[in-house]
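Colleague: sharing a sequence plus its predicted fold:
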Amino acid sequence: MKTKNMKVYEGTGTSDITIPRIVLQGKWLKGLGFSVGDRIIITYEEDKITIMRPADNEDDKNTKVEGNVCAE
């Protein structure tokens, strides 16, 4: 397993609420098999986020996407 040290930025939210924003970009993503336009699946639990590409036959009907942001 390789590691990357990154920073959590301030995102824009509604009203006076500051929200965290994580930006992932780089050639290393392409090396891991991610391409522009790919759908992704994000799973999360306390202190851990996992990002995966769905299997070709996997259905992502339960994913709600607003613009470029996946909403719950």
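Modeller: Looks like it arrived, so ask away. Keep in mind that this is a model prediction, so the values were computed, not measured.
Colleague: how about the contacts made by Thr18?
Modeller: Taking Cβ atoms under 8 Å, 6 or more residues apart in numbering, we find Thr18 in contact with 10-11. Just so you know, the C-beta spots here come from the backbone N, C-alpha and C atoms, and that holds for glycine as well.
Colleague: how far away is it from Glu10?
Modeller: Thr18 sits at a distance of 6 Å from Glu10 (criterion: Cβ to Cβ, to the nearest Å).
Colleague: okay, Thr50 and Ile41: tell me how far apart.
Modeller: According to Cβ to Cβ, Thr50 and Ile41 sit 8 Å apart.
Colleague: looking at these two, which has the bigger crowd around it?
Modeller: Ile41 (15 against 9; other Cβ atoms under 10 Å).
Colleague: need the contact list for the nearest residue to that one once chain neighbours are set aside.
Modeller: With Cβ to Cβ, 6 or more residues apart in numbering as the measure, Met52 is the residue that lies nearest to Ile41, at 4.9 Å, once sequence neighbours are left out. With contact taken as Cβ under 8 Å, 6+ apart, Met52 is in contact with 40-41, 43.
Colleague: pLDDT score for Met52?
Modeller: Among the per-residue scores, Met52 holds a pLDDT of 94.
Colleague: change the start of the numbering to 429 and stick with it
Modeller: That works, and once the first residue is 429, the last one we named lands at Met480.
Colleague: Lys430 - that's part of a helix, no?
Modeller: No: when classified by DSSP: H, G, I helix; E, B strand; the rest coil, Lys430 is found to be coil rather than part of a helix.
Colleague: ranges for the helices of this structure?
Modeller: Taking DSSP state H to define them, one finds helices in the chain at 455-459.
Colleague: cool, thanks, signing off.
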